[in-house]
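In: Just the structure for this:
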Amino acid sequence: MADGVVGEAGAAVSSKEVVSDEELQSSEELPVELSSEPLRFAPVNATTSVFFDETNKQVFVVQEGSPDLLVKSLDSDEEEAIPLGRGPVISVKFSLDHRVLSIQRTSRTVVFHNLGPGLDPAEYSQSCKSKLSSHLLGFVWTGTGEVAFITSLGLEYYAVHPEKRSLKLIKSYSISVNWYVYSHENRVLLLSTALQANQLQPYLFKDGGVSRLSKFEVDLPASYNQLSPKLLERDVYLAPIYQRLYCMVVRNKPRGGPAEITLLRLTRDTTTRVAVLALDQSGRFAINTVDNLILVHHQISKSTCIFDLKWATVGRDGNYLDGHPVEVLHPMMRPRSIAAPLPQADGGPTPANLYSSSWIVFQPDIVIDARLGYLWTLHFNLERMAELIPSKTKLLKFLLRRGDAKDTILKVLFDAIKPETRCELGLISQMFDQINHIYARRLLGATTPQGVVLPQLGSEAIAVSQSDMYKGVFLALEDTKIKYQFMVKVLVDYIRSLSYFGLSVEHFLYELVINLLVRHNRYYQLHQFLQYHVISDSKPVACLLLSLESKYPPAFQLALDMLKRLTTANEEIVDVLVGKDQLLLALRFLRSLGPEAVATVSPRRFLEAAYNTEDSSLFYIGTRLLPPSHLRNFSKWRTLAECVFCRNFNSVQVLRGTKRDVAKTPRIQKRRRVRSFCRTL
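Out: Numbers count the residues shown, from 1 in each chain. I've put the predicted structure just below:
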């Protein structure tokens, strides 16, 4: 394709251009807008030429009489000046690592300048290897050290060695070339050949090599030969959409009929016609792709059409576009003007004559006004789009495919639940299923544990997690005047949707339901939710129930039952029972688990708890329930037992003597009597 050159006096060389000026037909605007802070550069005039590098998204300005080449990038506000050298400039580009500057000086030669540290700055050049009758149509950097020359007689692929200041031919193809289009995102080069330029040969650059893909032919209208001799470069676009590469061909019908755009899907082995975009206008068109949406600009009417290949458009076989041929795709909404750029950060206005004749568009989202010296990027206003699509389910389906729409999705869900704009519960349920089937696909794969088969998703689909819903929707609803009954229904339905897709429900959602019911004294409903497992078992939920015992006493037993069902919370059950001074229940529970469970517990916890109760009988029973072998391994057992009996023993039935006698008994005799008592346990 043309090297994206804007020539003198605003003439655009080999680019996609929108032509002529007329009045806008509609005052309504699309949710597509130009960036508020455009890249500024010197406008094109008789002494200034501007070049745009589509690969690196850089603007090069060459001014007559200036020894420097001015470079500006989208990702930097600074302007870089590079010594230009002598000679004309037909095209200029940086290598992908910005170590080498390449300038096409003549119709057959490209000059290279090393700019990286430690490299020899002396220039070196490379001319076409083909016949002298051929000329260079352009060149593209396909890798860090690889460059492709496109000539009128074929393709030449070189490896660039900056250290040696030389290039080495890797591979060449002989083919008659009319023009070319290059997609850097996919590293695919499309060469036009044949007399009518309608035979297209794609090449794929990968891992330092190049391979030829299958050739295909674009069908032209029957009377196309009488209207135009060739398929024009400005009518062909390459763009990746939904992780697939498409070739889009604008086809104007004879006698001024409405134009259409044919979509061809390119793969390594074949090219398939998958859809036709119906346009209700004729003339010249320009195409951008923004967030997997196709924007078709029509300058005469100053309007833009939006196409989404995954919009709910049904083909003749009743199937959607995914995997099935579609007869015709229509715009999502009627053509409208894009929005004017917003005021700049400094408060000054941004000059923009929408759909100007000096506009030039580049893939995927670049708009350049050469005469004004402005470069904009197109942005999609998702909040504005949400206002234009009345169907909530269609809107959510659309937003889930957008790259940066999570905040808008959460806002749509919030608006669907809040009292002022509340939707029916059935519709909210469908919306929950829409977001959770994508969430489940991300976490679980193609099939859920319940056997639900989930459709294949592209990597562009947004997964809205439970944490996102909790923070962005449910917590925010607490600040509204929503009725708690409806809020409970919404939460339970969201939990239902998660369970349907086999997703484990996070504990904070259950806690939200519990707190909501407790706040309104709905303990009976809470009891039912727990009894019928609407609220699933988890340790955090059980801990929350324990904290509710003062308000709802049965919550204590519900919490213990939940911990018992978990089978992994035995230690927590023991802690709870010991904390409630229910030592006998704790010991019996341990013994029911088997000797292994008892062996893992330190007896100090029970003996000290019994000691603190100042109940010697409880202490005695505790020692009876703990196995003697376990007690003998406890090194401080005898000392603790001695202290307990010396302080609390008021009877002479076991230790012969009074309390005073015990106190006066020599220490060794105390130990003997304690050991004798222990043998009776």
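
In: Next, the contact list for residue 180, please.
Out: Residue 180 sits next to 1, 137, 138, 150, 189, 190, 191, 192, 233 when contact means Cβ atoms under 8 Å, 6 or more residues apart in numbering. The way it works is simple: take the backbone N, C-alpha and C, and place the C-beta from them, glycine included.

In: if I look at residue 555, how far off is residue 518?
Out: Look at residue 555 and residue 518: by Cβ to Cβ, to the nearest Å, they are 9 Å apart.

In: so residue 278 touches residue 328, yeah?
Out: Yes: using Cβ atoms under 8 Å, residue 278 is in contact with residue 328, at 5.0 Å.

In: more neighbours, the two?
Out: Taking other Cβ atoms under 10 Å, residue 278 and residue 328 do not tie; residue 278 has more neighbours (16 against 12).

In: By residue count, which helix of this structure is the longest?
Out: helix 425-444 (DSSP state H).

In: what residues are up against residue 66?
Out: Counting by Cβ under 8 Å, 6+ apart, the residues that residue 66 touches are residue 84.

In: That one belongs to a strand, doesn't it?
Out: No: assignment of residue 66 by DSSP: H, G, I helix; E, B strand; the rest coil gives coil, placing it outside any strand.

In: what's the closest residue to residue 375 other than its chain neighbours sitting at in phi/psi?
Out: Counting by Cβ to Cβ, 6 or more residues apart in numbering, residue 375 lies nearest to residue 39, which is 4.0 Å off, once chain neighbours are set aside. Per-residue torsions, residue 39: phi -80, psi 130 (degrees, to the nearest 10).

In: and what of the one 10 residues further on?
Out: Dihedral angles of residue 49 (phi, psi; degrees, to the nearest 10) stand at phi -120, psi 140.

In: Show me what it is bridged to.
Out: For residue 49, the beta-bridge partners are residue 62 (DSSP bridges).

In: where does the stretch 151-300 of the chain have low pLDDT?
Out: 222-229, 255-256 (pLDDT under 70).

In: Read off the pLDDT value for residue 577.
Out: We have a pLDDT of 83 for residue 577.

In: do the same with residue 628
Out: Predicted confidence (pLDDT) for residue 628: 56.

In: Who are the packing partners of the helix or strand containing residue 412?
Out: Assigned by DSSP states H and E, residue 412 falls within helix 406-417. Helices and strands touching helix 406-417, by 3 or more Cβ pairs under 8 Å, 6 or more residues apart in numbering; DSSP states H and E, are helix 382-388, helix 392-399, helix 425-444, helix 466-469, helix 475-477.

In: would you turn those into CSV with mean pLDDT and mean neighbour count?
Out: Converted to CSV, these look like this (pLDDT from 0 to 100; neighbours: other Cβ atoms under 10 Å):
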stretch, mean pLDDT, mean neighbour count
helix 382-388, 87, 16
helix 392-399, 91, 19
helix 425-444, 91, 18
helix 466-469, 94, 18
helix 475-477, 93, 15
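
In: Now tabulate those helices in JSON lines and tack on distance to residue 206.
Out: Compiled in JSON lines, these are given as follows (distance: least, Cβ to Cβ, whole Å):
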{"stretch": "helix 382-388", "distance to residue 206": "34"}
{"stretch": "helix 392-399", "distance to residue 206": "33"}
{"stretch": "helix 425-444", "distance to residue 206": "28"}
{"stretch": "helix 466-469", "distance to residue 206": "37"}
{"stretch": "helix 475-477", "distance to residue 206": "47"}
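
In: Would you mind saying which of those lies nearest residue 542?
Out: Closest to residue 542 of these is helix 466-469 (Cβ to Cβ; 19.4 Å).

In: Now the closest one - C-alpha only, PDB.
Out: Taking Å, rounded to 0.1, in the frame of the first residue of the first chain, the C-alpha atoms of helix 466-469 are listed here in PDB:
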ATOM      1  CA  GLN A 466     -18.200 -11.800  41.400                       C
ATOM      2  CA  SER A 467     -15.900  -9.300  43.100                       C
ATOM      3  CA  ASP A 468     -16.800  -6.800  40.300                       C
ATOM      4  CA  MET A 469     -20.500  -7.300  40.800                       C
END
